[in-house]
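> No sequence on hand, only this structure:
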């Protein structure tokens, strides 16, 4: 059997088929990488989704920012950034989308630039090395954007931190000294100082419990307690950090919101686990198909080269 009988297709037709297979292999490879990225992001979000969902309900499991009630003068309220867990959640989600898009596209750009150098062009003939380079570029870009994200908050956070920080005793803090010089009602002082103690690094549970007890007593005996502008969600967080449960009436009114947030958090977690599993499974399957096509292309190229030498 001669070569023409064995390969009845003309060379031009065969080359067109090779181009089509090559394009298909590249599309499948791109899709496999995209699905892997989706899987990685979903997996990361699994461990952060509770804070995001709670933020959507204006809730937090820990005191991260000092809430300043209306009873405090405007100067102090303007100085200390008010916690808005909903906006924080949206901000975090926005940065997540930005980091995914920039890191994903930027990693391809970096790999394409590196391929212009002979050393990397030779190394990137292996898909595994090319994929490793893409992953490293993705991680570098992600880390750089994460640094920028938190660096933008550093100035404001450092000012607030210096105002509430102390070494051994809360009386060393600037906020304690400030409160002693004002005629702010005692319940408001207790509310601010218990938050200060809980934000201390490490968490000052002993002092926090003292002021939490005073705040509980204020809620029982002070008829104007509701007029000071305390945030019920913040009181709930304080009591759960100190006691592990809702103790006062105000904190218990937040429990239905917490139950609702936990319900949606569980749903979000299950969805994210499903997306992670499906993304990785499809990524592996598509990568396997892409590698099979690539192997087929290599065999065809070798056969064509062999035929050209023998003719």
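Okay, I see it. A quick note: this is a predicted structure, and the numbers were derived from the prediction, not measured.
> Show me the shaky parts of the stretch 201-311 of the chain.
Where the stretch 201-311 of the chain drops to pLDDT under 70, the residues are 306-308, 311.
> Spit out the contact partners of residue 190.
211, 214-215, 218 (CB atoms under 8 Å, 6 or more residues apart in numbering). All C-beta spots, glycine's among them, are computed from the backbone N, C-alpha and C.
> of all those, which comes closest to residue 262?
Among those, residue 215 lies closest to residue 262 (CB to CB), at 24.9 Å.
> how far is the host helix or strand of the closest one from where the chain is centred?
Assigned by DSSP states H and E, residue 215 belongs to helix 205-221. Distance of helix 205-221 from the chain centroid (CA atoms, centre = their mean, to the nearest Å) equals 34 Å.
> Repeat that for stretch 197-216.
Distance of stretch 197-216 from the chain centroid (CA atoms, centre = their mean) equals 29 Å.
> Give the buried residues for that stretch.
Using 16 or more other CB atoms under 10 Å as the test for burial, stretch 197-216 gives 197-200, 204, 207-208, 210-212, 214-216.
> what's it in contact with?
The contact list for stretch 197-216, computed with CB under 8 Å, 6+ apart, reads 62-66, 164-166, 170, 186-187, 190-191, 193-194, 235, 238-239, 241-243, 247-248.
> Give the buried subset of these as a ChimeraX selection command.
Burial among the contacts of stretch 197-216 is assessed by 16+ other CB under 10 Å; the matching ChimeraX selection reads:
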select :63,65,66,164,165,166,170,187,190,191,193,194,235,238,239,241,242,247,248
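> Next up, the contacts around residue 21.
The contact partners of residue 21, taken as CB under 8 Å, 6+ apart, are 293, 296-297.
> For residue 28, which non-adjacent residue is spatially closest?
Closest residue to residue 28 apart from its sequence neighbours, by CB to CB, 6 or more residues apart in numbering: residue 290 at 3.8 Å.
> okay, now that neighbour: neighbour count?
21 (other CB atoms under 10 Å).
> from the contacts of residue 190, which is closest to residue 302?
Nearest to residue 302 among the contacts of residue 190, with distances taken as CB to CB, is residue 211, at 77.4 Å.
> want to throw the contacts of residue 190 into a markdown table with distance to residue 110?
Converted to a markdown table, the contacts of residue 190 look like this (distance: CB to CB, whole Å):
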| residue | distance to residue 110 |
| --- | --- |
| 211 | 52 |
| 214 | 57 |
| 215 | 53 |
| 218 | 58 |
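> What is the nearest of those to residue 138?
residue 211 (45.7 Å).
> quick one: that closest one and residue 259, what's the gap?
27 Å (CB to CB, to the nearest Å).
> try residue 175
Taking CB to CB, one finds residue 175 at 33 Å from residue 259.
> likewise residue 231?
19 Å.
> what's the burial count for the residue nearest to residue 46 when sequence neighbours are not counted?
Closest residue in space to residue 46, ignoring its immediate chain neighbours: residue 272 at 4.7 Å, by CB to CB, 6+ apart. When counting by other CB under 10 Å, one arrives at 19 neighbours for residue 272.
> Which element, helix or strand, includes residue 272?
helix 255-310.
> which other helices and strands contact that helix?
helix 11-46, helix 49-56, helix 232-242 (3 or more CB pairs under 8 Å, 6 or more residues apart in numbering; DSSP states H and E).
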